[in-house]
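*Asks:* okay, predicted coordinates and the sequence, questions at the end:
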Amino acid sequence: MNNNKILIVDGMALLFRAFFAQSYSARRTPDGTPTNAIFGFLQYLFDAVNTFRPTHVLCCWDMGSKTFRTEMYTEYKANRPEAPEDLVPQFSLVKDVVAALGIPNLGIEGYEADDCIGTLATRLCEQGHVYVLTGDQDMLQLVSERVHVVIMKKGRQNYAVYDLDLLKEDKGIQPFQIVELKGLTGDTSDNYPGVKGIGEKTALKLLLEYETIDGILANLSSLSASIKTKIENDLDMLHLSRTLARINVDSPIDCVLDDCLWNVSIEQAKPLFDQYRLTTLLQMIDSAS
C-alpha cells in the first residue's frame, strides 16, 4: 500500500474558527478589507501541515445555504445567524489564497462541504491515509481504518485525532452510530429536533443495547412506557433527523489526487501574500513544505 497522507480541510470550519479567534484584530489591507480570518485560517492550515506532514492537501467549501437537506426540512440550519459583516468579503479572498498555494478548492451546489469531504475521503482512502481537519463532530461518522478525523480543540496545534479505537474509547460507539445518535437526539446547531425528551445519555444506552434505530424500533415493546411513547410520538422526525444527519458519501464531486500534491511555490504565492499583508506567514510555509 502506498504512503500517501491526504489532508482534507473543512474550509468553513477553519475560517469561522479563525475569524472568532482573531476578531479582536484590526488586520486589514490598505483599502480596509479585513483579512483577520484568512490570517488565522492559514495559521491553522500550516500548523496541521507541520503536524501531520501530508503528501496531498485539498480544501472543501459550502457553496451557498440551499442544499438537498433544506429541501427536505425547511428549518434545517434556519437558526444560524448571518455571517459577520467583516467575514463576508473573506469568503472569496481565502479561496484565492488557497489556490495560490496550489491547493484545490472543492465544493458543489446543493451539497454541504461535509458531503464533499465524506465522498472524497471515502474514495481517496483507497490511495492513502486520509486526515479530515475540522471542528465538526458530525464528521466522526467518516472514521474508518484509513480515514482519521482530526477535531480541532481550543488553541493552536491541539487536536483529537479520531481513529476507530479513540472513537470507541471516547464516545463508546462505532462510526455509523453517530448518525443513529443524531437521529434520536437531534442537533441544536443544525436545528433539527430528533425525538423530544431523549437526550444523549438515554440515546447512547439504547444504542448500546439495540445498536441502531431500526433495532430500537424492532424492540419497542421492551422499552419503558415513557421512552416508547416519546419515540412513537416523534417517529417521522426520528427518521427525518437520521436522514439529515447522514453525510452523503456519494455526492457528484470528483478530484484527481495528483492535482492535490502539497508542493508550494513560494514565488507563486508571494504576490498575493504581500497584497493581503500575510507575508509573515511565508516562514510557516517554508517549514511546512
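*Replies:* Looks like it came in fine.

*Asks:* count the neighbours of D258 for me.
*Replies:* The number of residues packed near D258 is 7, by other CB atoms under 10 Å. (C-beta placed from N, C-alpha, C; glycine too.)

*Asks:* tell me the confidence at it?
*Replies:* Per-residue confidence for D258 comes out at a pLDDT of 95.

*Asks:* secondary structure class of it, three-state.
*Replies:* Reducing the assignment to helix, strand or coil with DSSP: H, G, I helix; E, B strand; the rest coil, the entry for D258 is helix.

*Asks:* roughly how far does it sit from A269?
*Replies:* When CB to CB, to the nearest Å is applied, the distance between D258 and A269 equals 20 Å.

*Asks:* and the helices in the stretch 51-200 of the chain?
*Replies:* Remark: helices assigned in the stretch 51-200 of the chain by DSSP state H, counting those that start in this stretch are 68-72, 88-100, 113-124, 164-171, 175-185, 200-210.

*Asks:* how about TSV for those, with mean pLDDT and mean neighbour count added?
*Replies:* Converted to TSV, the helices of the stretch 51-200 of the chain look like this (pLDDT from 0 to 100; neighbours: other CB atoms under 10 Å):
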stretch	mean pLDDT	mean neighbour count
helix 68-72	92	15
helix 88-100	94	18
helix 113-124	97	24
helix 164-171	95	14
helix 175-185	97	22
helix 200-210	95	16
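
*Asks:* show me what V147 is bridged to.
*Replies:* The bridge-partner assignment for V147, based on DSSP bridges, gives V130, S144.

*Asks:* list the contacts for it?
*Replies:* Listed by CB atoms under 8 Å, 6 or more residues apart in numbering, the contact set of V147 reads A121, T122, C125, H129, V130, V132.

*Asks:* check the contact between the second one and L142; I expect there is one.
*Replies:* Right, the one you point to is T122. Yes. A contact is recorded between T122 and L142 when judged using CB atoms under 8 Å, the distance being 7.5 Å.

*Asks:* any common contacting residues for the two?
*Replies:* Any residue near both T122 and L142 by CB under 8 Å, 6+ apart counts here, and that gives V249.

*Asks:* ok, back up a step: just give me the closest of the contacts of V147 to E85.
*Replies:* Using CB to CB, V132 comes nearest to E85 of the contacts of V147, at 29.8 Å.

*Asks:* neighbours around that closest one, how many?
*Replies:* For V132, the neighbour count with other CB under 10 Å is 27.

*Asks:* so how far is N191 from it?
*Replies:* Per CB to CB, V132 is found 23 Å from N191.

*Asks:* dump the C-alpha coordinates for stretch 27-46 into CSV.
*Replies:* Extracted C-alpha coordinates of stretch 27-46, given in CSV (Å, rounded to 0.1, in the frame of the first residue of the first chain):
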residue,chain,number,x,y,z
ARG,A,27,-5.8,43.2,10.4
ARG,A,28,-6.7,44.9,7.1
THR,A,29,-5.4,45.6,3.7
PRO,A,30,-4.7,49.3,2.8
ASP,A,31,-8.1,49.6,1.2
GLY,A,32,-9.8,48.5,4.5
THR,A,33,-10.6,44.9,3.5
PRO,A,34,-10.4,42.7,6.6
THR,A,35,-8.0,39.7,6.5
ASN,A,36,-8.1,38.5,10.1
ALA,A,37,-9.9,35.3,9.3
ILE,A,38,-7.6,34.5,6.4
PHE,A,39,-4.6,35.0,8.6
GLY,A,40,-5.9,32.7,11.3
PHE,A,41,-7.1,30.1,8.7
LEU,A,42,-3.6,29.9,7.2
GLN,A,43,-2.1,29.5,10.7
TYR,A,44,-4.4,26.6,11.4
LEU,A,45,-3.7,25.1,7.9
PHE,A,46,0.1,25.3,8.2
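
*Asks:* that one: which residues count as buried?
*Replies:* Neighbour-count burial for stretch 27-46, with 16 or more other CB atoms under 10 Å as criterion, is recorded at 27, 33-46.

*Asks:* so where do the strands sit in this protein?
*Replies:* 5-10, 56-60, 105-106, 129-134, 147-152, 159-162 (DSSP state E).

*Asks:* between those strands, which one is nearest to A225?
*Replies:* strand 159-162 (36.7 Å).

*Asks:* not counting that closest one itself, show me its contacts.
*Replies:* The contact list for strand 159-162 (CB under 8 Å, 6+ apart) reads 48, 51, 131, 140, 143, 148-153, 166, 170.

*Asks:* out of those residues, which is most surrounded?
*Replies:* Using other CB under 10 Å as the neighbour definition, the contacts of strand 159-162 reach their maximum at V149, which records 30 neighbours.
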